[in-house]
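Asker: sequence unknown, structure follows:
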């Protein structure tokens, strides 16, 4: 749907980048068909790529070229008509908030600025769909929230965003729809709320204690049919919204919290997402 | 594979031109200095012990031969190194392939660019040899075209090698076992008529030999019908290496 953001959430090696490469026709699908807005990627690669904008995980800009030159190259590669290129580059610079640094060589830009430029570059051909592969990986929180604003702006302008991430917070903030991936497969799909409700309930309680205590709580929870999730010295019992407080009290002291996507993820994959 | 789209060529050239703006001074400097040193050192130095070769002064013989060295150096090496670095370290091609551009178009556009550049730089030795006594002829104006055709084949060869090796260090195998012999058994520094018959026969499949034959025939105003075969040999070489380059690099980039 135009203007929505699909988040691909999964640990490293889940197949997120491979999926992105399959959408651009850079990795061949072993079976099945992929179409981008009715363009079959395998048989009509060029048309599919024309409507796509891509922000790769690995920064592949030309270091020795300026921000403007990088964008101008992309405009040419993406077949933006010659007469419209200048404007397209200016808009992309504005999107990346780099108008002031347009004539600076990329090598002199900070990590955050390079990422913004990479995002702006994905936008230079006014794509209908943008693929963002781990757009904020390895960046500090301030830069990350700057990028989120840009991505949100893209979505609000009617562009469909497909974004892979292994940051729960990123997926929760930006994605309207989430596909949880593991070992090359989508194992769950839905809105963040729906995924939580379906797999982890709405509320969780957290107990802290020794390994033996936590084992005991896990057993008791299993008896009453509740799912649990261990993390270090604590255990979360999930979906406790209709469990009587007396039962929970009898297991020890706990704190109550809302369930989150990480709960869902760990339940479904048995793996934790290391941010 | 999608049909070849010529629109990709000017797009790729946007990149080449912006990069060239940065490094043209250095490239031009060495393109002029190297044949000069070559002519002073080998041309005059070795020439002092030789009268004439094939009816021309040695310095002129070697000056016209230096075109081949210049052509090979400024085509096969950029083909190897630039392509390898852009593909593996910088991942530039991975980025470009997400746009409506194919690997074949990238390789062809880059080869055309390097060949065009080499058409200019490869012809410098001819200009430099003129003050040493080379008589200007009108057919000399064909030298840039000969350089272009030769460089096209050798750039493709370099691109293909860059796709065959796993690590950049493996280039030395190709440099020592392929490029150096091709340069030496071609008539660059001495006429191949002094070589054993088998080596003379073998040089017919050496594109460098055909390049030098054409350059000397154009420079000495003695082009003939047989020059056509030299052109054909260079064209076949470019067609073969071009096919190898496109196939190998596509296989490396589209997984």
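Answerer: Thanks, I have it. The structure presented is a predicted model; accordingly, all values stated were derived computationally and were not measured.
Asker: now for residue 123, how many residues are close by?
Answerer: Just going to use chain A. 24 (other C-beta atoms under 10 Å in any protein chain shown). Placement of C-beta: from N, CA and C, glycine included.
Asker: sorry, I should have been clearer: chain B.
Answerer: Residue B:123, neighbours per other C-beta under 10 Å, totals 24.
Asker: quick one: it from residue B:31, how far?
Answerer: 10 Å (C-beta to C-beta, to the nearest Å).
Asker: residues in chain B within reach of chain A, list them.
Answerer: Residues of chain B lying near chain A by C-beta under 8 Å from any C-beta of the partner chain: B:2, B:5, B:7-8, B:10-12, B:14-15, B:18-19, B:22, B:90-92, B:94-102, B:253-255.
Asker: run the last query once more with 7 Å
Answerer: Within chain B, the positions near chain A by C-beta under 7 Å from any C-beta of the partner chain are B:2, B:7, B:10-11, B:14-15, B:18-19, B:22, B:90-92, B:94-101, B:254-255.
Asker: so residue A:188 sits in a strand?
Answerer: Yes - the assignment for residue A:188 by DSSP: H, G, I helix; E, B strand; the rest coil puts it in a strand.
Asker: can you select the buried ones from the residues of chain B next to chain A in ChimeraX?
Answerer: Applied in ChimeraX, the following selects the buried portion of the residues of chain B next to chain A according to 16 or more other C-beta atoms under 10 Å in any protein chain shown:
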select /B:2,11,14,15,18,19,90,91,92,94,95,96,97,98,99,100,101,254
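Asker: please flag which of the residues of chain B next to chain A sit within strands.
Answerer: Among the residues of chain B next to chain A, DSSP state E puts none in strands.
Asker: for residue B:18, which non-adjacent residue is closest in space?
Answerer: Nearest non-adjacent residue to residue B:18, counting by C-beta to C-beta, 6 or more residues apart in numbering or on different chains: residue A:69, 4.9 Å away.
Asker: quick check, pLDDT for that neighbour.
Answerer: Listed pLDDT for residue A:69 reads 94.
Asker: separation between it and residue B:8?
Answerer: With C-beta to C-beta as the criterion, residue A:69 and residue B:8 are 18 Å apart.
Asker: tell me the helices and strands packed up against the longest helix seen in chain B.
Answerer: Across chain B, the longest stretch assigned as helix under DSSP state H is helix B:8-38. Counting contacts by 3 or more C-beta pairs under 7 Å, 6 or more residues apart in numbering or on different chains; DSSP states H and E, helix B:8-38 packs against helix A:67-77, helix B:58-73, helix B:103-121, helix B:124-129.
Asker: pLDDT below threshold where in the chain?
Answerer: Went with chain A since none was named. Scanning chain A for pLDDT under 70 picks out A:271-275.
Asker: that's the other chain; I wanted chain B
Answerer: Checking chain B against pLDDT under 70 turns up B:1.
Asker: quick revisit: looks like the residue nearest to residue B:18 contacts residue B:17 (just checking).
Answerer: No - with contact defined as C-beta atoms under 7 Å, residue A:69 does not reach residue B:17; the gap is 9.8 Å.
Asker: so these two - more neighbours on which side?
Answerer: When neighbours are counted by other C-beta under 10 Å, residue A:69 and residue B:17 differ, and residue A:69 comes out ahead with 23 against 14.
Asker: just give the nearest non-adjacent residue to residue A:143, would you?
Answerer: Using C-beta to C-beta, 6+ apart, the closest residue to residue A:143 is residue A:112 (3.6 Å).
Asker: element containing that neighbour, please.
Answerer: helix A:111-121 (DSSP states H and E).
Asker: packing partners for the following helix or strand past that helix?
Answerer: Downstream of helix A:111-121, the first helix or strand assigned by DSSP H and E is strand A:129-133. Judged by 3+ C-beta pairs under 7 Å, 6+ apart, the packing partners of strand A:129-133 are helix A:16-23, strand A:52-55, strand A:160-165.
Asker: what's the most buried one of these?
Answerer: strand A:52-55 (a mean of 26; mean count of other C-beta atoms under 10 Å in any protein chain shown).
Asker: what packs against that strand?
Answerer: strand A:129-133.
Asker: what does the stretch 51-200 of chain A put close to chain B?
Answerer: Residues of the stretch 51-200 of chain A lying near chain B (C-beta under 7 Å from any C-beta): A:54, A:56, A:58, A:60, A:62, A:64-65, A:69, A:72-74, A:76-79.
Asker: PyMOL command to pick out the buried ones of those?
Answerer: In PyMOL, this line selects whichever of these come out buried by 16+ other C-beta under 10 Å:
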select buried, chain A and resi 54+56+60+62+65+69+72+73+74+76+77+78+79
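Asker: which single one of the residues of the stretch 51-200 of chain A next to chain B is nearest to residue B:79?
Answerer: residue A:62 (18.7 Å; C-beta to C-beta).
Asker: doesn't that closest one belong to a helix?
Answerer: No - checked against three-state DSSP, residue A:62 lies outside a helix; its state is coil.
Asker: residues in contact with it?
Answerer: Contacts for residue A:62 were tallied using C-beta atoms under 7 Å, 6 or more residues apart in numbering or on different chains; they are A:70, A:106, B:15, B:92.
Asker: again, only using 6 Å
Answerer: residue A:70 (C-beta atoms under 6 Å, 6 or more residues apart in numbering or on different chains).
Asker: turn the helices and strands packed on helix B:8-38 into TSV, including distance to residue B:51.
Answerer: Below are the helices and strands packed on helix B:8-38 laid out as TSV (distance: least, C-beta to C-beta, whole Å):
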stretch	distance to residue B:51
helix A:67-77	55
helix B:58-73	8
helix B:103-121	31
helix B:124-129	18
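Asker: so which of the ones you listed is nearest residue A:263?
Answerer: helix A:67-77 (40.0 Å).
Asker: tell me which strands and helices the helix or strand that that closest one is followed by is in contact with?
Answerer: Next along the chain after helix A:67-77, taking DSSP H and E as the criterion, comes helix A:82-95. On a contact count with 3 or more C-beta pairs under 6 Å, 6 or more residues apart in numbering or on different chains; DSSP states H and E, helix A:82-95 meets helix A:67-77.
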